[in-house]
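Trainee: What shape does this take:
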Amino acid sequence: VDCQKGIQAQTAECLVIGEITTERMVIALNKIDLIPESERESRCEAIERKIRRQLHLSKFYENCNIIRTAACPGGEKNAAHQRSSTGTKVESMGIKE
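Mentor: Numbering: from 1, shown residues only. I've put the predicted structure just below:
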């Protein structure tokens, strides 16, 4: 789930498929690096509450982990710039448990 856009059509489709095919689900809250660090915790909590409200009618409501992540810290343009200017791999922010 894009942290700036929230649940979209493809997320809802994945929930429907998940209801049919699996018992457990993990949701990745992606692009958290695009939220200013000073606002990150409160905004991520608000987004997670919205996601949980959307899950209320699904079997995943009480048993779904939401993991905060940034697949490309700083965005694609930043990663491309870092690769071209330094020739090095861009490191991920990692996942805090």
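Trainee: outside of the helix ranked longest in the chain, which residues touch it?
Mentor: Secondary structure of the chain per DSSP state H: the longest helix is helix 37-55. Residues from elsewhere that reach helix 37-55 (C-beta atoms under 8 Å, 6 or more residues apart in numbering): 1, 3, 6-7, 12, 15, 27, 29, 32, 35, 61, 64, 66, 68. Placement of C-beta: from N, CA and C, glycine included.
Trainee: Alpha carbons only: can I get it in CSV?
Mentor: Taking C-alpha atoms only, helix 37-55 is exported to CSV below (Å, rounded to 0.1, in the frame of the first residue of the first chain):
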residue,chain,number,x,y,z
GLU,A,37,10.6,12.1,9.5
SER,A,38,9.1,14.5,12.0
GLU,A,39,5.6,13.5,10.9
ARG,A,40,6.3,9.8,9.9
GLU,A,41,5.2,8.0,13.1
SER,A,42,1.8,9.9,13.5
ARG,A,43,1.0,9.7,9.8
CYS,A,44,1.9,6.0,9.5
GLU,A,45,-0.3,5.3,12.6
ALA,A,46,-3.2,7.1,10.9
ILE,A,47,-2.8,5.2,7.7
GLU,A,48,-2.6,1.9,9.5
ARG,A,49,-5.9,2.8,11.3
LYS,A,50,-7.5,3.4,7.9
ILE,A,51,-6.2,0.1,6.6
ARG,A,52,-7.5,-1.8,9.6
ARG,A,53,-11.0,-0.2,9.2
GLN,A,54,-11.0,-1.4,5.6
LEU,A,55,-10.0,-4.9,6.8
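Trainee: In the helix or strand just after that helix, which residues are buried?
Mentor: Next helix or strand after helix 37-55 toward the C-terminus (DSSP states H and E): strand 64-68. Using 16 or more other C-beta atoms under 10 Å as the test for burial, strand 64-68 gives 64, 66, 68.
Trainee: Done for today, thanks.
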